[in-house]
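Colleague: Quick one, structure for this:
(one chain, ligands or ions: 3)
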Amino acid sequence: MLQHHLSIRAILVWTISLFGLLSLLIALVTGSIYRDLTLKNQEQALERLITISSKELLNESRDLSTELGMSLQSNQALRKAVSSQDIVALQELLENQFHQYFMTAHVIEISQLTVFDAALDTLSHFSSNFDTSLSCPNLINEAKSRTGPERLKTLDALCTRNGLTFHSVLVPIGGLRIMGYVEITSAPVHFLKKIEQTLGNPVKVTQPNGSVAYQSSDWPDTNSLQNFLDARVELTNAFGEAVIAVSVCTHINTLFEELNQTRNLIILGTGITTLIAIFIALLGLRITTLKPLTQLKEQIQLMRKDPIQMRRSVDVRGTEETRELAKSFNQMTKELNELYQSLQDMAYRDKLTGLPNRNFFHARLDQLTATDTATPFSLLLIDLDRFKSVNDTLGHHIGDKLLTAAAERFRESLRTTDLIVLPHFCHEFQEKGDIISRIGGDEFAVILPETTDPKDIEIVCRKLIQSIKQNFQINSYPISIGLSTGISVYPRDGDDMHTLMRHADIAMYHAKSSRCGYAFYEPSLEKHKHIALNFESDLKLAINREEFELFYQPKLNRDNQVVGAEALTRWIHPEVGLIPPDQFIPAAEKTGLIHPFTHWVISEAIEQCLYWQSEYPGMGVSINVSAISLQDPELIDVIRTQLATYPINPRLITLELTETAVMRDPEHALMKLKELSLMGLTISIDDFGTGYSSLAYLKKLPVNEIKIDRSFVIDMTKDRDDEAIVRSIISLAESLSLTVVAEGVETEEARQALVNLNCDTLQGYLFSRPLQINDFLLWLKEKKSLEASNSAVG
Ligand code: C2E
Ligand code: CA
Ligand code: CA
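Modeller: Ligands and ions are numbered 1, 2, ... in the order given. The predicted structure follows:
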């Protein structure tokens, strides 16, 4: 439980404090040991001093006693009394000497004076207040045992009598001829108490019987004895008997004070050392471990909040372990960051083109429309025209390459910031450049930041169109595609991502159906788009409800004579009104409704054509057949039945097939076309130049006519490239002896240019727009009458 709350810091503080305490304890214990030792030392030193001092003092006592003995033995009266063994005279003499000495000198404290004969038998003795003789038997015995000149020496010894110790000195009387001996017995305490002065400490002298012979006045009482150190020395005499004890005591307060002071110093020192150790350890810990660890902790928290922080690395510092840890951590975050980056990349980048993908785009749009950062911008939705057929006929791998190439061209024509590593969506992301992303199959989207002026946007749109104008060369196929762009502007056309996208989408649809390249969103476009969404269900009913109508657009030869008409279908929707084929044909193809629809177109057109023959013999009809229809197993039968029903020269019936329709499954197409050709029908390749027909292959096909796509014709008088393409298509057709039709002739100059290039047939708004059948017939009539009047004039 506890360990959850323990930090390294706490553990360290605890450990060091414990060590501090321990060293304190050791200091205290050693302190008291030291104290005891010191006391003992002191005591021993004192004992030695006592011993030395005692000896010296006893020597002094001996010397003085000897001196006294010497002066006594030189006394003539004493000598006389000894030699005569006059006990009375001796007694008197000794008493006089004793008193005289005691009164006058009192250098020593004489207890007794004794006189012996030469055989050491006592003749007389005098002491003031002792009943028994104080003479020392051991000393006398020793003196008795001596012989010869030895006997002339003075002897001395400490002797115990009646529990008290005395100092006895034996001095011979009579010089060389020994007559007797005198023994001076004195109290040694008289000398020993002088230790008081020599050592400067209180002294106590204790007799063998335990009585105190002397005690200094300042000898401490029992209560205060603990503050003193007392050393006691038992003095022994030459015979090994304990004779007297000398105690000296010395005040140990100062010693204790010093000891205490030392102890306090040690305690203080230990405490301070411990604190310093704690401080240094904590500081070290902080620098070497805690700081690096804290940094790691903070970095992890930062990373959790914002993954962009993974790009940062932490400082490598501290101890070897923390350095190692930081290094590993950095390595790990680096790898994590790479992983994160590649995940981000996977999530936000389109694998094929390398452009940001839909997720990125939406996120960026969301960010741009967030209120706090909102700045105006425009949104472009680009859809490639004819991409689907490339994919269908040449395969996905070509389609993929085409997309990649187109993406590259788009990118080059925009001011895109290169997003080598896609940014994380954090607040710091402030890309100012254009952003292009692929948001679906052949759909791209562009953000033009701070660009809302239609003129500026148009420039970009035209640049984009220009960028793909030149054919793509993919696996040696020349491929041409177009694009339709829808534009919505923030915040005018919507203030959130979804509205902006939807509006751009509507504008894009409009651009596609009106073939105008690009279109700005307008609220009026909404209606169309709304209904267009229900196409597929409405389409089913449209045939039965007879909502389709064929319009006709005339085809003229170089001499301005009508040679035929192209049937172009319109859907007259009960609610929406006229819907152009570009909008519903793809839906019909998708749902399979294209088959019954084509059957209807064929029978309708053939019927019309037959009808025309009476008035305009030889005027043919061109029918558009979609790629899917070539796969229709009933197609041939339907045409055959129709031709049987309406007796008409099949040569007048032209089937227009796009290049892509043929190339989707060339083998199958060849088979079908051969059959149709055998039936006598005219076969035309529509929208020529936009696809990627292998010209060599074209030769193998039973084709009678090629129609140059209107995109080349419309601008041919202004665009040299277009003119060159038209020219080469015409010469190619000539070399293959094919009829050439130019559609999209809008101006007289274009017509003239085409005539000069030897183009066979011309079609376009210059002559007439596609017309309802009645209008068409009226137009024919008017033209005929005009020609008639012209020729009449001519
Ligand atoms: P398309 O076969 O290339 O048809 C020619 C288109 O060019 C027509 O568009 C026509 O209105 C337009 N056009 C003619 N002259 C000019 C001109 O001078 N300038 C310009 N800018 N345009 C001109 P429309 O009628 O909108 O038809 C579009 C496409 O729909 C046709 O292209 C054709 O591929 C397809 N389509 C039309 N009717 C049918 C049909 O009944 N069946 C099938 N499968 N497709 C059809
Ligand atoms: Ca056509
Ligand atoms: Ca065409």
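Colleague: Contact residues of the stretch 451-600 of the chain facing ligand 1?
Modeller: Residues of the stretch 451-600 of the chain lying near ligand 1 by C-beta under 6 Å from any ligand atom: Gln553, Leu568, Thr569, Pro580, Pro581, Asp582, Ile585. From N, CA and C alone the C-beta is placed, and that goes for glycine too.
Colleague: so which of those comes closest to Asn704?
Modeller: Gln553 (19.4 Å; C-beta to C-beta).
Colleague: ok, now how distant is the closest one from ligand 2?
Modeller: 9 Å (C-beta to the ion, to the nearest Å).
Colleague: In a strand, that residue, correct?
Modeller: Yes - using DSSP: H, G, I helix; E, B strand; the rest coil, the assignment for Gln553 is a strand.
Colleague: coming back round to it: so which of the residues of the stretch 451-600 of the chain next to ligand 1 wins on neighbours?
Modeller: Thr569 (23 neighbours; other C-beta atoms under 10 Å).
Colleague: which SS state does that residue fall under?
Modeller: Put simply, Thr569 is strand when judged by three-state DSSP.
Colleague: that older thread, columns pLDDT on top of the residues of the stretch 451-600 of the chain next to ligand 1, output as TSV?
Modeller: Output for these, formatted as TSV (pLDDT from 0 to 100):
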residue	pLDDT
Gln553	98
Leu568	97
Thr569	95
Pro580	84
Pro581	90
Asp582	85
Ile585	89
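Colleague: By residue count, tell me the biggest helix in the protein.
Modeller: For the chain, the helix with the greatest residue count under DSSP state H is helix 8-73.
Colleague: tell me the mean pLDDT over that helix?
Modeller: In this model, helix 8-73 has a mean pLDDT of 87.
Colleague: what distance separates the helix or strand following that helix from the middle of the whole chain?
Modeller: As assigned by DSSP states H and E, the chain's next helix or strand after helix 8-73 is helix 76-84. Offset of helix 76-84 from its chain centre (C-alpha atoms, centre = their mean, to the nearest Å): 124 Å.
Colleague: How about the next helix or strand after helix 76-84, which residues are buried there?
Modeller: From helix 76-84 onward toward the C-terminus, using DSSP H and E, the following helix or strand is helix 87-104. Residues of helix 87-104 classed as buried: Ala89, Leu90, Gln91, Leu93, Leu94, Gln97, Phe98, Tyr101 (neighbour count, 16 or more other C-beta atoms under 10 Å).
Colleague: Columns distance to ligand 3 on top of those residues, output as TSV?
Modeller: Shown next, in TSV, are these (distance: C-beta to the ion, whole Å):
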residue	distance to ligand 3
Ala89	188
Leu90	183
Gln91	183
Leu93	182
Leu94	178
Gln97	177
Phe98	174
Tyr101	172
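Colleague: And the strands in the stretch 651-794 of the chain, which stretches?
Modeller: 653-658, 682-688, 705-708, 739-742, 761-762, 771-772 (DSSP state E, counting those that start in this stretch).
Colleague: Tell me the backbone dihedrals of the closest residue to ligand 1 within the stretch 51-200 of the chain, please.
Modeller: Of all residues in the stretch 51-200 of the chain, the one sitting closest to ligand 1 is Gly200 (139.7 Å; C-beta to the nearest ligand atom). Here is the backbone geometry of Gly200 (degrees, to the nearest 10): phi 70, psi 20.
Colleague: Need the pLDDT of it.
Modeller: If you check Gly200, the pLDDT there is 87.
Colleague: before we move on, what about Phe548?
Modeller: Reported pLDDT for Phe548: 93.
Colleague: how about it, what does it touch?
Modeller: With contact set as C-beta atoms under 8 Å, 6 or more residues apart in numbering, Phe548 has these partners: Ala542, Thr569, Arg570, Trp571, Ile572, Phe597, Trp600, Val601.
Colleague: which of those count as buried?
Modeller: With neighbours counted by 16+ other C-beta under 10 Å, the contacts of Phe548 contain buried members at Ala542, Thr569, Arg570, Trp571, Phe597, Trp600, Val601.
Colleague: So among those, where is pLDDT lowest?
Modeller: On pLDDT alone, Ala542 ranks lowest of the buried ones among the contacts of Phe548, at 86.
Colleague: and Ala245, how far is that from Asn227?
Modeller: From Ala245 across to Asn227, the span is 22 Å (C-beta to C-beta, to the nearest Å).
Colleague: go on, Ile543?
Modeller: According to C-beta to C-beta, Ile543 and Asn227 sit 134 Å apart.
Colleague: same check, this time on Ile683
Modeller: Ile683 sits 140 Å away from Asn227, going by C-beta to C-beta.
Colleague: These two: which is more packed in?
Modeller: Shown here are Ile683 and Asn227; by other C-beta under 10 Å, Ile683 has more neighbours (22 against 13).
Colleague: hey, what's that one bridged with?
Modeller: Taking DSSP bridges as the rule, Ile683 bridges to Leu655.
Colleague: Show the contacting residues for it.
Modeller: Neighbouring residues of Ile683 by C-beta under 8 Å, 6+ apart: Thr654, Leu655, Leu657, Leu673, Leu676, Ser677, Leu701, Pro702, Val703, Asn704, Glu705.
Colleague: what's the most distant pair in the residues you listed?
Modeller: Once C-beta to C-beta is applied, these give Thr654 and Leu701 as the farthest pair, at 14.6 Å.
Colleague: who has more neighbours, these two?
Modeller: Just comparing Thr654 and Leu701: by other C-beta under 10 Å the higher neighbour count belongs to Thr654, 27 against 19.
Colleague: looking at it, the more buried one is touching Gly620, isn't it?
Modeller: Yes - Thr654 lies in contact with Gly620 (C-beta atoms under 8 Å); the separation is 5.9 Å.
Colleague: Now do the shared contacts for these two.
Modeller: Gly564, Thr682.
Colleague: which regions of the stretch 351-500 of the chain lie under the pLDDT threshold?
Modeller: Along the stretch 351-500 of the chain, the model assigns pLDDT under 70 to residues 371-373, 417-431.
Colleague: Please enumerate residues in contact with stretch 36-56?
Modeller: Outside stretch 36-56, the residues that touch it by C-beta under 8 Å, 6+ apart are 192, 195, 198-199, 229, 231-233, 235, 246, 248, 250, 252, 255, 259.
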